[in-house]
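Peer 1: build me a model:
(chains A and B)
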Number of protein chains: 2
Amino acid sequence: MPNQPNQINQLRERFISELRATFSDQEPRGLYAPIDYILDLGGKRIRPVVALLAAQMFGDEDLKQSMPVALAVEVFHNFTLLHDDIMDDSPLRRGQQTVHEKWDINTGILSGDLMLIQAYQHLCEVSNKTALPALLCTFNRVATGVCEGQQYDVDFESRDDVTIAEYLMMIELKTAVLLGGALEMGALSAGASQADADHLYAFGRLTGLAFQLQDDLLDTFGDSASTGKLQGNDIIRNKKTFLFLKAMELLDEGGREELNRLFSESPEDPTPKVARVTEMMISVGIPEEVARLRDEFQAKAYAHLDAAGGSTEVKKVLRALAESLLQRIS
Amino acid sequence: MPNQPNQINQLRERFISELRATFSDQEPRGLYAPIDYILDLGGKRIRPVVALLAAQMFGDEDLKQSMPVALAVEVFHNFTLLHDDIMDDSPLRRGQQTVHEKWDINTGILSGDLMLIQAYQHLCEVSNKTALPALLCTFNRVATGVCEGQQYDVDFESRDDVTIAEYLMMIELKTAVLLGGALEMGALSAGASQADADHLYAFGRLTGLAFQLQDDLLDTFGDSASTGKLQGNDIIRNKKTFLFLKAMELLDEGGREELNRLFSESPEDPTPKVARVTEMMISVGIPEEVARLRDEFQAKAYAHLDAAGGSTEVKKVLRALAESLLQRIS
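Peer 2: Residues are numbered from 1 along each chain as shown, chains lettered A, B, ... in the order given. Predicted structure coming up:
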């Protein structure tokens, strides 16, 4: 069974039960209730699961060392979702009302702030105190990167000269760094060497980049029935993903002008626009370009996983998890 | 010279120069520029100064152990100001535009988030790594308390049954706990025992409570020329401070009804309202009640300072600083 779903599902269930055990009736409710609410909205729990797997690679069989790290990473991730939803004014998150919609913006800001503090609090609860300085250092680096990525994302929306290198840096900071950080911190909590933890960080970072490219690719060229997302949603919203930037690089001047014009329009019926953009992208080989870069990232990711020490059995599970992520199964 | 202004001023100057040394041209500017901006707006820098003094009490003469703590505390304090200004929609902070006014709300949220992360980052830079777990534990506890205090403050605005005990708990969490925490962490960074650090925490907490009562007292009964604030500002804004709550306790039923009515009105010319509320408060001895409780807090604060170990010379400076705070000189 290549996807090893049982072991992954078991870790996810174990994590969710530990996460729910942190929920409380603590006062003031206006501060604490929104935190339990967003943490209970669901999600794939990929980051905590890979943190636990990374720790198992280095002998933390019972997950005692790494559970605080897994909680820290998931609470931090949900803190970023909470504040991002305010900044984007998103009404829904996982099909439910966002916190600032269900309560209000001030509640969202303050509860999010406390979640960031709670993430650090979880991290401080690692039993392996000798690992604490390195864990904190990694966590600070990753958290800073995520904030920078969010700012670049905002900045890039109002710029029309964003390069492919800048776009890749942005998605790396905004999403890939936290996946890498979860793996690095999981390994460190179990006493792995920094060299091994660095390999796992690179594995996570490169897998995150591959996943983001795959996500962009599926948005335009995937089968919306299996992805569950509206086909061409990025095109409809004029989102300048890697696909757009690469097309701008490969198209001739006439093509560039047309694509730029299409990405400045928001027609009532987007179907012809989506069809035309898709056609233009296919004409310059965008699907193949994206798949090539995705596979390049993924191959490098696996090379780092192979280079890390630790249990080869658990490595197989991590690799299966990465495969399933890229196939959008998990 | 009872106020020892030279030693305190020197510490403040030293701190400000260390703080400015953290400013950078780092990208993205939209994220980093607002942080340097708010940190450079000024302020009395009381919290970092007492953190440094607490460390000097326990032998950190050159401030090498405690400077990261001082930076962490001041960056955290300014993070709370930044997010509070958004929540209160305040246009000005220390006479200058607030961050969300000068930039926008999203910038304020995200830059504030990064400041909270940076506070932890400063804390992690303490050279005395054995103190790190205790420092983080204190910092988390204090930061959580400050968020809870802010939420209670918001909650209390829409409640008309807030008790005096609840009000005191709220101001303790919102302001006193961070002053205590700055002292506790300063002491811990210099290797003080937890017992000594606890005494300094209590000294700071009680001084903070005394200061807040003094602040409320001066707002209504102080001389606006020397306080620099509008006389009766809390009354004009119908702010239910300790003075209001205590008056409601001491007034007869007719008085309570009148005071409640006055605190539901916002007349164009507030002068008669301020005069009448002040008169009512004087009639039931509010200034004396507030002064009595303030002095009780302060006496207890000094008892904890006396009970702590460490340099008696530095204790004198801390005591002088507390005196000057209560006189609003510093």
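Peer 1: quick one: the strands in the stretch 1-150 of chain A?
Peer 2: For the stretch 1-150 of chain A, strands defined by DSSP state E, counting those that start in this stretch occupy the ranges A:92-93, A:96-97.
Peer 1: of all the ones you listed, which one comes closest to chain B?
Peer 2: Chain B lies closest to strand A:92-93 among these, at 16.5 Å (C-beta to the nearest C-beta). Yep, even glycine has a C-beta here, placed from its N, CA and C like the rest.
Peer 1: looking at the strands of the stretch 1-150 of chain A, which is nearest to A:Met248?
Peer 2: Taking C-beta to C-beta, strand A:92-93 is the member of these nearest to A:Met248, at 31.4 Å.
Peer 1: partners of the closest one, with directions?
Peer 2: With DSSP bridges as the test, strand A:92-93 is paired with strand A:96-97 (antiparallel).
Peer 1: can you tell me what sits against the partner strand?
Peer 2: Residues from elsewhere that reach strand A:96-97, judged by C-beta atoms under 8 Å, 6 or more residues apart in numbering or on different chains: A:41, A:91.
Peer 1: what mean pLDDT does it get?
Peer 2: Looking at strand A:96-97 alone, the average pLDDT works out to 94.
Peer 1: quick revisit: distance to B:Glu27 and mean neighbour count added to the strands of the stretch 1-150 of chain A, as a markdown table?
Peer 2: Below are the strands of the stretch 1-150 of chain A laid out as a markdown table (distance: least, C-beta to C-beta, whole Å; neighbours: other C-beta atoms under 10 Å in any protein chain shown):
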| stretch | distance to B:Glu27 | mean neighbour count |
| --- | --- | --- |
| strand A:92-93 | 29 | 15 |
| strand A:96-97 | 35 | 15 |
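Peer 1: can you pull the contacts of the closest residue to A:Arg94 other than its chain neighbours?
Peer 2: Leaving aside its sequence neighbours, A:Arg94 sits nearest to A:Leu41 (C-beta to C-beta, 6 or more residues apart in numbering or on different chains; 4.7 Å). The contact partners of A:Leu41, by C-beta under 8 Å, 6+ apart, come to A:93-94, A:96.
Peer 1: quick one on the thing from earlier: between the strands of the stretch 1-150 of chain A, which gets nearest to A:Leu123?
Peer 2: strand A:92-93 (24.3 Å).
Peer 1: give me the contact list for that closest one.
Peer 2: Under C-beta under 8 Å, 6+ apart, the answer for strand A:92-93 is A:38, A:41, A:81, A:85, A:98, A:101.
Peer 1: and the gap between the first one and chain B?
Peer 2: If I follow you right, that is A:Ile38. Counting by C-beta to the nearest C-beta, to the nearest Å, the gap from A:Ile38 to chain B is 15 Å.
Peer 1: correct me, but that residue touches A:Val75?
Peer 2: No: here A:Ile38 lies out of contact with A:Val75, judged by C-beta atoms under 8 Å, at a distance of 9.6 Å.
Peer 1: for chain B, what are the nearby residues on the stretch 151-300 of chain A?
Peer 2: For the stretch 151-300 of chain A, the contact set with chain B under C-beta under 8 Å from any C-beta of the partner chain comprises A:151-152, A:154-155.
Peer 1: which of those fall in helices?
Peer 2: A:151-152, A:154-155 (DSSP state H).
Peer 1: still on that earlier bit, would a markdown table of the strands of the stretch 1-150 of chain A with distance to B:Thr312 be doable?
Peer 2: Formatted as a markdown table, those follow (distance: least, C-beta to C-beta, whole Å):
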| stretch | distance to B:Thr312 |
| --- | --- |
| strand A:92-93 | 57 |
| strand A:96-97 | 58 |
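Peer 1: what does the stretch 1-150 of chain A have sitting close to chain B?
Peer 2: Going by C-beta under 8 Å from any C-beta, the residues of the stretch 1-150 of chain A near chain B are A:27-28, A:30-31, A:83, A:86-87, A:106, A:109-110, A:112-114, A:116-118, A:120-121, A:124, A:129, A:132-133, A:136-137, A:140, A:143-144, A:147-148, A:150.
Peer 1: give me the neighbour count for A:Leu117.
Peer 2: For residue A:117 the amino acid is Ile, not Leu. 22 (other C-beta atoms under 10 Å in any protein chain shown).
Peer 1: any idea how far B:Phe79 is from it?
Peer 2: 11 Å (C-beta to C-beta, to the nearest Å).
Peer 1: A:Leu318 now?
Peer 2: From A:Leu318 over to B:Phe79 (counting by C-beta to C-beta), the distance is 36 Å.
Peer 1: and if you look at A:Thr138?
Peer 2: 21 Å.
Peer 1: A:Glu133 and B:Cys124 touch, don't they?
Peer 2: Small correction: residue A:133 is Pro, not Glu. Yes: assessed by C-beta under 8 Å, A:Pro133 is found in contact with B:Cys124 at 6.7 Å.
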